[in-house]
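Trainee: pasting the structure only:
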């Protein structure tokens, strides 16, 4: 593929020197256009869309009308201006410094015989390469910014979709929980009422997480004290709510991921409902839920002051609650213990704030 011949605009009022530059740079692969004044050169640059683009400018300092520095200032103000090599017969270094500060790509001293033309060729070649590199850098930066903008737009769209999903799932689960609540309220048999209330609590534990994610700015974590507070409030409004008048919560504002929050919520639901059913055969009593941090670990305790080991066994019990607690504890990689020194029942679950990495979990299991 043939490369386009670059065009040099030579701005100088010396016609004879302009012809020397034309011959010298044409032999070196340039198309040379001559402008005899700063005004004429500016007009030619501004008409580039009509008369063809200018790739590089060689600009003399001393000319009638606008001098080189004044012309350079106006060239730099043109959008997409070509690079400028400043050319003058003056040995005054202040002109060179001023030209370079004003935006000239290079500076060289000319002579009337044209001996400077090889240097001019090197200078315009360098100016063109520098301009090409600058253009490539600007295009790359523009592409980086565009990619970041696209990524930000996709991330915002994904977050919006996740919020909508959490909103719809939360609403659907809340409807199911409400139906279970209505069914439990209308049930006449105690075991049916308790079973439906238990099911409602399990559904509410999941629904509350989705509700929290929908209303939170952070879709990756759930604040446990707020979540458990809402979950226990749902239980208080349930068909068994009259037996939870002394249900309390003391929890630190700890953040964990949504999946683990669901497991914590379901465990709390099961153990609270178990205390409601068995701890106080003669009515309601205090039930305390507490969540504290211990370094990298979290400690969840559910405590009642009921009959403890003297609870009467229910022959109709299926053990479903215990299996659910065991399954959720396994998901949290939690240890589950019963406090033997407590007169009632106190269950303690200890688990890590952040799940252990797979290799750490494997080594812990092996040991």
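Mentor: Received it, and whenever you're ready, just let me know what you need. This one's a predicted model, so the numbers in the text were calculated from it and none came from an experiment.

Trainee: All the strands of the stretch 201-350 of the chain, residue numbers only.
Mentor: For the stretch 201-350 of the chain, applying DSSP state E, counting those that start in this stretch gives strands covering 222-223, 247-251, 255-256, 287-294, 297-304, 335-338, 345-352.

Trainee: closest to residue 234 out of these?
Mentor: strand 247-251 (11.3 Å; C-beta to C-beta). From N, CA and C alone the C-beta is placed, and that goes for glycine too.

Trainee: Outside of that closest one itself, list whatever touches it.
Mentor: Strand 247-251 is contacted from outside by 224-225, 228-229, 232, 235-236, 272, 286-292, using C-beta atoms under 8 Å, 6 or more residues apart in numbering.

Trainee: By neighbours, which of those wins?
Mentor: residue 287 (29 neighbours; other C-beta atoms under 10 Å).

Trainee: Can you name the residues bridging to that one?
Mentor: With DSSP bridges as the criterion, residue 287 is bridged to residue 247, residue 304.

Trainee: farthest-separated two in the contacts of strand 247-251?
Mentor: Within those, two members stand farthest from each other by C-beta to C-beta: 236 and 292, at 22.5 Å.

Trainee: still on that earlier bit, show me which of the contacts of strand 247-251 is closest to residue 108.
Mentor: Nearest to residue 108 among the contacts of strand 247-251: residue 224, at 72.6 Å, using C-beta to C-beta.

Trainee: so who does the residue lying closest to the closest one once chain neighbours are set aside touch?
Mentor: Closest residue to residue 224 apart from its sequence neighbours, by C-beta to C-beta, 6 or more residues apart in numbering: residue 254 at 4.8 Å. Contacts for residue 254 (C-beta under 8 Å, 6+ apart) come out as 223, 224, 225, 291, 293, 298, 353.

Trainee: what packs against the longest helix along the chain?
Mentor: Assignment by DSSP state H gives helix 117-186 as the longest helix of the chain. Contact analysis of helix 117-186 by 3 or more C-beta pairs under 8 Å, 6 or more residues apart in numbering; DSSP states H and E lists helix 15-26, strand 56-60, strand 84-88, strand 106-109, helix 190-215 as its packing neighbours.

Trainee: Could you give me the buried positions within the shortest one?
Mentor: The neighbour-count check on strand 106-109 (16 or more other C-beta atoms under 10 Å) flags 106, 107 as buried.

Trainee: I'd like to know which elements it is packed against.
Mentor: Secondary-structure packing of strand 106-109 (3+ C-beta pairs under 8 Å, 6+ apart): strand 84-88, helix 93-102, helix 117-186.

Trainee: Next: the longest one.
Mentor: Helix 190-215 sits against helix 117-186, strand 222-223, helix 224-236, helix 258-278, with contacts defined as 3+ C-beta pairs under 8 Å, 6+ apart.
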